[in-house]
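Trainee: compute the structure for the input listed below.
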Amino acid sequence: MTSRKKKIILIQITIFLVASSLLYNTYRNKNKQVEEEVKIELETNPDTNSFKNIEYSGFDLNGNRYTLQSSLADFDTKTPEAINMKGVEANFYLKNNTILKVISDEGFYNNITLDMKFTKNVKATHLTNVLFSDQLTYLNSNGKLLATGNVHGESVDNGEFSADNLEYDLVKKIFIFSMVGDKQVNVKLKKK
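Mentor: Numbers count the residues shown, from 1 in each chain. As a prediction, the model looks like this:
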């Protein structure tokens, strides 16, 4: 063989070895990544059903139509009536043609009693009134709306208030404000 042929064969062998090692290293790393991804196991509970973007609607015992929406919802198959929710928005279409809107980070809905609980960053809006609280419970079975924890509200027409607890009787249309301990309810009414 001539010197030129030997050099060409040597260059070809070198190129072949470099290409082979590159291919080997490339696919060897991908196989490890695939194996690691396959080893990830989903932790699910076979006794729990989960849903995304769910909506419930119906009529409460006072005859008001409502819709209840949630970005995530789940329930235990042993108690399917107890729905836990995240990213909650409820609209109550009242008989006087107004809307009560409630939003919260988390919530609970009993689809038999139609009772609802809104928790974390609760905001309720009705006409020109806004209510904020840690928790808002709609007791359909008792006809009451209970707000607890850092309750405060504003009304464009009437003023503002703050209390530890607020109870609203939906049938009698009566508000009951209360505080824990010796503190007093703070109400600032606007003069008309």
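
Trainee: what are the bridge partners for Gln69, then?
Mentor: Glu55, Glu89 (DSSP bridges).

Trainee: and what of Leu100?
Mentor: With DSSP bridges as the rule, Leu100 is bridged to Phe92, His126.

Trainee: number of nearby residues for it?
Mentor: Applying other Cβ atoms under 10 Å, we find 19 residues neighbouring Leu100. The way it works is simple: take the backbone N, C-alpha and C, and place the C-beta from them, glycine included.

Trainee: domain parsing for the protein?
Mentor: The chain breaks down by automatic domain parsing into domains covering 1-41, 50-189.

Trainee: just name the most buried of those.
Mentor: domain 50-189 (a mean of 16; mean count of other Cβ atoms under 10 Å).

Trainee: follow-up on the earlier one: output the domains of the chain in JSON lines; the columns should cover mean pLDDT.
Mentor: Output for the domains of the chain, formatted as JSON lines (pLDDT from 0 to 100):
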{"stretch": "domain 1-41", "mean pLDDT": "73"}
{"stretch": "domain 50-189", "mean pLDDT": "86"}
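
Trainee: Asn96 and Glu55, how far apart?
Mentor: 24 Å (Cβ to Cβ, to the nearest Å).

Trainee: now swap in Leu131 and tell me
Mentor: 23 Å.

Trainee: what do you get for Thr119?
Mentor: Distance from Thr119 to Glu55, by Cβ to Cβ: 19 Å.

Trainee: please apply the same query to Tyr66.
Mentor: 11 Å.

Trainee: same check on Leu22?
Mentor: Distance from Leu22 to Glu55, counting by Cβ to Cβ: 54 Å.

Trainee: go on, Val122?
Mentor: Val122 is 19 Å from Glu55, by Cβ to Cβ.

Trainee: then Glu167?
Mentor: Counting by Cβ to Cβ - Glu167 and Glu55 are separated by 28 Å.

Trainee: and what of Glu106?
Mentor: Relative to Glu55, and taking Cβ to Cβ, Glu106 is found at 17 Å.

Trainee: again with Tyr138
Mentor: From Tyr138 to Glu55 the distance is 17 Å (Cβ to Cβ).

Trainee: a helix runs through Ile9, doesn't it?
Mentor: Yes: counting by DSSP: H, G, I helix; E, B strand; the rest coil, Ile9 is located in a helix.

Trainee: this structure: helices as residue ranges?
Mentor: Assigned by DSSP state H, the helices in the chain fall at 3-39.

Trainee: Phe118 bridge partners, please.
Mentor: Gly107, Leu136.

Trainee: distance check, it against Lys183.
Mentor: From Phe118 over to Lys183 (counting by Cβ to Cβ), the distance is 24 Å.

Trainee: with Lys120 instead?
Mentor: Using Cβ to Cβ, Lys120 is found at 23 Å from Lys183.

Trainee: how about Asn140?
Mentor: Remark: distance between Asn140 and Lys183 (Cβ to Cβ) = 30 Å.

Trainee: do the same with Tyr93
Mentor: Distance of Tyr93 to Lys183, computed by Cβ to Cβ: 36 Å.
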